[in-house]
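> okay, predicted coordinates and the sequence, questions at the end:
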Amino acid sequence: MSVPFIFKDLFFKEVAKKGIGMVSCHAHIDRAFTITEEMWVQAMELMEKKWTLMRDLKKTEEYFESMEKRFDMYIQNMKEQGIVACRTHVDADSIVGLRVVEIAAKIRDKYKADGSFILQLVPQPLEGFLNEDATDFDKSKIDTYEKACAICDVVGGLPSRDRKLKGTQGDTKHADVLFSIAKNLGKDLDIHIDQENNPDEKDTEMILNKVIEHNYPGHLTILHGISLACQTEEYRKKMYELYKETGTNCTVSPRAAIGMTQLKDKFAPVHNSIAPAVEMMEAGINVSIGTDNISDIFIPNSNGDLWDEINLFADAVRLYDVEKLATIACENGHRTMKIS
């Protein structure tokens with residue numbers, strides 16, 4: 001028996017008024033629907049452990065053979081939700097090489113040809129750029145990654161993956177590689193930043209300063225940006241000014257954010273585990289939304305429904321203004337992906 005759900009009805013009325021469709025600005029469709037009963041216990045591992053657990057799955061032929069079907073299944077699902085465009089990360093690393101990117105590019109081009117859906121691809125360097133003993137960056141990894149970026153629409157990144165570089169700050173060097181590639185190709189950047197909900201993590205400041213250092217404003221989207229919520233109000237306001245100065249967007253994925261490990265030995269202003277999105281919007285920053293991982297080892301309980309993300313977001317940041325929520329899902333998403 002169906003029951004009335006006025007919040008959902010009001011939200012979708014606002015979406016319909018806008019007439020442009022919703023946009024999911026962050027996903028990992030290449031891994032979607034890969035969680036199994038046998039893998040379920042692994043879903044409780046820390047994020048950093050999951051980075052390596054993905055290796056075994058990505059070494060199987062079944063992973064690649066099922067990829068187009070999984071993409072098509074989820075794109076059809078998004079269309080049924082009222083989503084007209086999606087920006088998805090696809091792994092490009094020392095395990096899979098360019099194989100995932102090449103499969104995803106064919107799928108992107110298929111939907112572009114018939115005009116039924118906009119799919120933007122962003123390579124994800126899940127294995128990072130370090131050599132085996134973490135003393136330097138591996139040139140072959142960077143070369144492969146640059147080839148992936150040339151095929152994709154946007155340059156992705158995961159600076160925290162390379163923090164273990166010996167003798168220097170690997171995350172900042174990782175960021176330099178990303179900006180160099182993006183400027184060379186003339187493409188935007190979509191970078192995972194401040195995912196840990198950790199007051200000791202200040203990568204938002206690092207990456208925004210990299211925009212200035214590389215003189216590349218108006219091209220960056222920060223994904224997650226959770227740890228900024230751990231900082232003082234004074235510090236947060238300084239970061240909002242840097243966001244605006246650099247023309248940077250922020251994309252939130254509420255289920256992924258809320259599900260981050262609770263670091264109970266840390267102390268910070270009381271907050272939920274999500275970027276301070278309401279403050280950011282009030283400061284004039286473009287905030288969009290996406291699902292992140294879908295039914296995989298990273299987020300096993302996600303079905304990829306953008307409404308579920310909106311509903312959780314409303315609670316996480318205490319925002320029940322349906323017009324503003326629809327703006328996040330529609331106009332702000334279009335602005336992030338730079339689509340009309």
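Everything's here; your move. Numbering: from 1, shown residues only.
> quick one: residues in contact with the helix or strand of the chain at the bottom of the mean pLDDT ranking.
In the chain, no helix or strand scores lower on mean pLDDT, DSSP states H and E than helix 47-58, which sits at a mean of 78. If you take Cβ atoms under 8 Å, 6 or more residues apart in numbering as the criterion, helix 47-58 is touched by 31, 34, 39, 42-43, 45, 63, 91, 95-96, 126-127, 161, 195-196, 260-261, 297-298. C-beta coordinates here come from the backbone N, C-alpha and C atoms, glycine included.
> what about those, which are in strands?
Residues of these located in strands (DSSP state E): residue 91.
> list the buried ones in stretch 66-76?
By 16 or more other Cβ atoms under 10 Å, the buried positions in stretch 66-76 come out as 67, 70-71, 74-75.
> contacts for that stretch?
Residues from elsewhere that reach stretch 66-76, judged by Cβ under 8 Å, 6+ apart: 29-30, 32-34, 86, 100, 103-104, 106-107, 111, 117, 119, 294, 304.
> at 6 Å what do you get?
For stretch 66-76, contacts defined as Cβ atoms under 6 Å, 6 or more residues apart in numbering pick out 29, 32-33, 103, 107, 117, 304.
> now do stretch 102-111
67, 71, 90, 117, 119, 121, 151.
> repeat that for stretch 193-211.
Contacts of stretch 193-211 (Cβ under 6 Å, 6+ apart): 175, 179, 217, 220, 222, 224-228, 230, 239, 242, 246, 260, 263, 266, 268, 273.
> with stretch 255-274 instead?
Residues outside stretch 255-274 that contact it (Cβ under 6 Å, 6+ apart): 46, 197-199, 226, 229-230, 292, 299, 302, 312, 316.
> now that stretch - C-alpha only, CSV.
Extracted in CSV, the C-alpha atoms of stretch 255-274 (Å, rounded to 0.1, in the frame of the first residue of the first chain):
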residue,chain,number,x,y,z
ARG,A,255,25.6,8.6,1.7
ALA,A,256,29.3,8.3,1.2
ALA,A,257,30.0,11.3,3.5
ILE,A,258,27.7,10.2,6.3
GLY,A,259,29.2,6.7,6.1
MET,A,260,32.8,7.8,6.7
THR,A,261,34.7,6.2,9.6
GLN,A,262,34.1,8.0,12.9
LEU,A,263,37.5,9.2,14.2
LYS,A,264,36.7,9.2,17.9
ASP,A,265,40.1,10.4,19.0
LYS,A,266,39.6,13.7,17.1
PHE,A,267,38.1,16.9,18.4
ALA,A,268,36.3,19.4,16.2
PRO,A,269,33.2,21.7,16.2
VAL,A,270,30.0,19.6,16.4
HIS,A,271,28.9,18.7,12.8
ASN,A,272,27.6,15.9,10.7
SER,A,273,30.0,14.1,8.4
ILE,A,274,29.4,16.2,5.2
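> looking at it now, give me its mean pLDDT.
For stretch 255-274, mean pLDDT is 92.
> buried residues, it. List them.
Buried residues in stretch 255-274 (16+ other Cβ under 10 Å): 255-260, 263, 271-274.
> likewise for stretch 22-36?
Result for stretch 22-36 [16+ other Cβ under 10 Å]: buried residues 22-35.
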